[in-house]
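Asker: Test case, fold it:
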Amino acid sequence: MNERLVAASLIAATAACGCSRKDIDVNDHNELPIACVLTALTPEQRSQEAVLLEEHLASIEEVRERDDGYAFRYAADAGLFSRMAELVALEHRCCPFLDFALEWSHGNSEPWLHVKGGARGKGFVLDTFVPKRGPRG
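Answerer: Model (predicted):
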């Protein structure tokens, strides 16, 4: 499929998910475009994704900026960790250009979510996953 057709399809697909035309970045290096894939989720899954994303934003205890994205610390709550795992599963399907790592290792008393988009996707991560207000503290 030619890149202009792909870009046009992605622009149409991202209009409904809150992504804007500026979030589309198709290049000549065979990298994934910075665009949501709306067809990856059913309307029910999209609704659940919105609920879980709001919970993510409200539950962040700490935000750390990284070179290629952001890391988010949550309270030590197994139920919250499970719901954030569900969020990651949904986001992974509709935002294939992002890398997610949800961890709760023995060295950390609280779980962390790492969302990476590389230099090209970091702005999208900022706009989508970082609260507009400071994290709770």
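Asker: so F129 sits right up against V115, yeah?
Answerer: Yes: with contact defined as CB atoms under 8 Å, F129 reaches V115; the gap is 5.2 Å. No exception for glycine: its C-beta is placed from N, CA and C like everyone else's.
Asker: Pull up the overlap in contacts between the two.
Answerer: Common contacts of F129 and V115 (CB atoms under 8 Å, 6 or more residues apart in numbering): 70, 72.
Asker: neighbour-wise, which of these two wins?
Answerer: V115 (27 against 22; other CB atoms under 10 Å).
Asker: Pull the contacting residues for that one.
Answerer: Neighbours of V115 in contact, by CB under 8 Å, 6+ apart: 69-72, 98-100, 125, 129.
Asker: same thing but 6 Å
Answerer: By CB atoms under 6 Å, 6 or more residues apart in numbering, the contact set of V115 is 69-70, 98, 100, 125, 129.
Asker: gap between Y74 and G118?
Answerer: Relative to G118, Y74 is positioned 24 Å away (CB to CB, to the nearest Å).
Asker: ok, now D77?
Answerer: 30 Å.
Asker: Those two: who's more crowded?
Answerer: Taking other CB under 10 Å, D77 and G118 do not tie; G118 has more neighbours (16 against 13).
Asker: For the more buried one, which non-adjacent residue is spatially closest?
Answerer: Once flanking residues are discounted, G118 sits nearest to D68: 5.1 Å by CB to CB, 6 or more residues apart in numbering.
Asker: shaky segments in the chain?
Answerer: Low-confidence segments of the chain (pLDDT under 70): 1-32, 134-137.
Asker: Would you map the strands across it?
Answerer: In the chain, the segments counted as strands under DSSP state E are 62-66, 69-73, 99-103, 112-116.
Asker: bridging residues for A101?
Answerer: Listed beta-bridge partners, A101: H114 (assigned using DSSP bridges).
Asker: Repeat that for G69.
Answerer: Taking DSSP bridges, one obtains R66, K116 as the residues bridged to G69.
Asker: burial count for P33?
Answerer: 21.
Asker: and it, how far is that from F97?
Answerer: Taken as CB to CB, the span from P33 to F97 is 7 Å.
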